[in-house]
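In: Next comes the sequence, and after it the predicted model I'd like to discuss.
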Amino acid sequence: MAVVDSEFTLDLPVPASRSGAGFATALLAWYDGARRRLPWRAEPGEKPDPYRVWLSEIMLQQTTVETVMDRFRRFLALFPDVFTLANAPLESVLAEWAGLGYYARARNLHACAREVAAKGGRFPDTVEALARLPGIGDYTAGAIAAIAFGRPVAAVDGNVERVMARVHRLADPLPHAKPALRRLTQALVPAERAGDFAQALMDLGAGICQPKMPTCGRCPVARFCAGAAAGDAASYPRKVAKAARPTRHGIAHVAIRDRDGAVLLRRRPPKGLLGGMMEVPGSEWREGAAPSSTPPCPGDWRPLNVAVEHTFTHFHLILTVEVARVADFAAAGEWHRPAHLDQAGVPTVFMKVLRAAGVV
DNA sequence: TACTCGTGGCG
DNA sequence: TCGCCAAGAGT
């Protein structure tokens, strides 16, 4: 009955104990008593708002619930509906997104809002149509279709992958196992309450079937779980080893205007790393020795004693910071006063630079 | 397919 | 301290 460890294929029928209504019924019964109350989540009996569901799903991509809680409320207060968002300048959306990371999400969010608004303001209600919108991939399309529109489709995020890999004791490592895990999940989706089912799986993954310490003793679906039965749930899902992170070096020039303490910032190119966000002018970031760079304006440039370090997803960065108080002059960029830097759209790495320089 | 793309928290 | 992890998508 248990799926053997070497099983990679999914053409075999799902074992009866892990298929059909039993799993979903047990999970939903648990969810009815244990569901988290979250700002974007409709209360029982409430009709979900597709705009809020969509916004929350984008914001939650690779981002913790804890972080999103406050940011979601802030964002919704500024952009309460899809038309407000569509009509807002991209720069204001990026500024509000600053610090959240993965800024392509904000660019795609804005582009998606414009598409939806241009077609009347209603989000499509099928996985296929949703997945055609910018920033909406397989997971998010499923989540919106299920949560906002009740479609009986799977929403397979990292939580669900983990739960399913354990339930089935799947030996195939991620990311190769993703399509298999999607099919295994879809096979369990109930005809009714598909949105609750999706959210229940995520609550289960977040609260009980946690990455390093699953508490199978409190799990409502442990009796359906091969990993719980074998006592090795924590060893799933298997994953392929990740590549080592290289270190890049660079220089950042903090120009402080004598007159009022304003600092010189520039807008980065619209795509790529930190695309569209504001930056402190500086050198390129390269592996090996720090590249030389010309300051953005003349001045008495002095290096700080302490370098600024920041880790991105795929590389570590060490920035040497040089500071100068400079006279007012026409520079390629914008002068921002310290009091308003939190509204300028400065990503975290450059906020670290400004803190090191004593600007904020 | 494999790589790019942020940030903060935690064991 | 440091790798792992968090409601992934685009290319």
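Out: Nice, I can see it.
In: quick one, phi/psi of residue A:33?
Out: The phi/psi pair for residue A:33 (degrees, to the nearest 10) reads phi -100, psi -20.
In: next one: stretch A:45-52 to chain centre, how far?
Out: Taking C-alpha atoms, centre = their mean, to the nearest Å, one finds stretch A:45-52 lying 21 Å from the centre of the chain it belongs to.
In: ignore the last one, stretch A:241-257
Out: Centroid separation for stretch A:241-257 versus its chain: 22 Å, with C-alpha atoms, centre = their mean.
In: what's the answer for stretch A:235-246, then?
Out: 19 Å.
In: Flag every buried residue along it.
Out: A:236-237 (16 or more other C-beta atoms under 10 Å). Every residue, glycine included, has its C-beta placed from N, CA and C.
In: ok, now stretch A:49-65?
Out: In stretch A:49-65, counting by 16+ other C-beta under 10 Å, buried: A:49-61, A:65.
In: Residue A:151 and residue A:24, how far apart?
Out: Counting by C-beta to C-beta, to the nearest Å, the gap from residue A:151 to residue A:24 is 15 Å.
In: Of these two, which one has the most company?
Out: Set side by side, residue A:151 and residue A:24 give different neighbour counts by other C-beta atoms under 10 Å, the larger being at residue A:24 (23 against 18).
In: Return the nearest residue of the stretch 51-200 of chain A with respect to DNA strand C.
Out: Nearest residue of the stretch 51-200 of chain A to DNA strand C: residue A:137, at 2.6 Å (C-beta to the nearest atom of the strand).
In: from memory that residue sits against residue A:131, does it?
Out: Yes. In this structure, residue A:137 is within contact of residue A:131 by C-beta atoms under 8 Å, at 6.6 Å.
In: Of those two, which one has the most company?
Out: Neighbour count, other C-beta under 10 Å: between residue A:137 and residue A:131, residue A:131 has more, with 17 against 11.
In: The more buried one and residue A:141 touch, don't they?
Out: Yes. The criterion here is C-beta under 8 Å, and residue A:131 meets it with residue A:141 at 4.0 Å.
In: The nearest residue to residue A:157 once chain neighbours are set aside: what's it in contact with?
Out: Excluding the flanking residues, the one nearest residue A:157 by C-beta to C-beta, 6 or more residues apart in numbering is residue A:139, at 5.1 Å. Residues near residue A:139 by C-beta atoms under 8 Å, 6 or more residues apart in numbering: A:155-157.
In: Same check on residue A:202?
Out: Counting by C-beta under 8 Å, 6+ apart, residue A:202 makes contact with A:155, A:157, A:159-160.
In: so which helix or strand takes in residue A:266?
Out: If you go by DSSP states H and E, residue A:266 is part of strand A:263-267.
In: Please identify the buried residues of that strand?
Out: Using 16+ other C-beta under 10 Å as the test for burial, strand A:263-267 gives A:263-265, A:267.
In: which of the residues you listed lies closest to residue A:96?
Out: Distance to residue A:96 across the buried residues of strand A:263-267 (C-beta to C-beta) is lowest for residue A:267, with 15.7 Å.
In: residues in the stretch 251-360 of chain A within reach of DNA strand B, list them.
Out: Neighbours of DNA strand B within the stretch 251-360 of chain A, by C-beta under 7 Å from any atom of the strand: A:272-275, A:310-314, A:347-349.
In: Residue A:360 touches residue A:354, doesn't it?
Out: Yes. Using C-beta under 8 Å, residue A:360 is in contact with residue A:354, at 5.0 Å.
In: Contacts only, for the closest residue to residue A:201 other than its chain neighbours.
Out: Nearest residue to residue A:201, sequence neighbours excluded (C-beta to C-beta, 6+ apart): residue A:160, at 4.9 Å. The neighbourhood of residue A:160, defined by C-beta under 8 Å, 6+ apart, consists of A:154, A:181, A:185, A:198, A:201-202, A:205.
In: got it, and residue A:286?
Out: By C-beta under 8 Å, 6+ apart, residue A:286 lies in contact with A:248-250.
In: Look up how far residue A:126 lies from the residue lying closest to residue A:60 once chain neighbours are set aside.
Out: Closest residue in space to residue A:60, ignoring its immediate chain neighbours: residue A:68 at 5.4 Å, by C-beta to C-beta, 6+ apart. Distance, residue A:68 to residue A:126, using C-beta to C-beta: 26 Å.
In: More neighbours: which of those two?
Out: It is residue A:68, of residue A:68 and residue A:126, that has more neighbours when counted by other C-beta under 10 Å, with 21 against 14.
In: For that one, which three-state class applies?
Out: Of the three states, residue A:68 takes helix under DSSP: H, G, I helix; E, B strand; the rest coil.
In: Need the pLDDT of it.
Out: The model reports residue A:68 with a pLDDT of 97.
In: measure it to residue A:97 for me?
Out: Distance of residue A:68 to residue A:97, given as C-beta to C-beta: 12 Å.
In: would TSV of the buried residues of strand A:263-267 with distance to residue A:330 be doable?
Out: Shown next, in TSV, are these (distance: C-beta to C-beta, whole Å):
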residue	distance to residue A:330
A:263	16
A:264	11
A:265	15
A:267	16
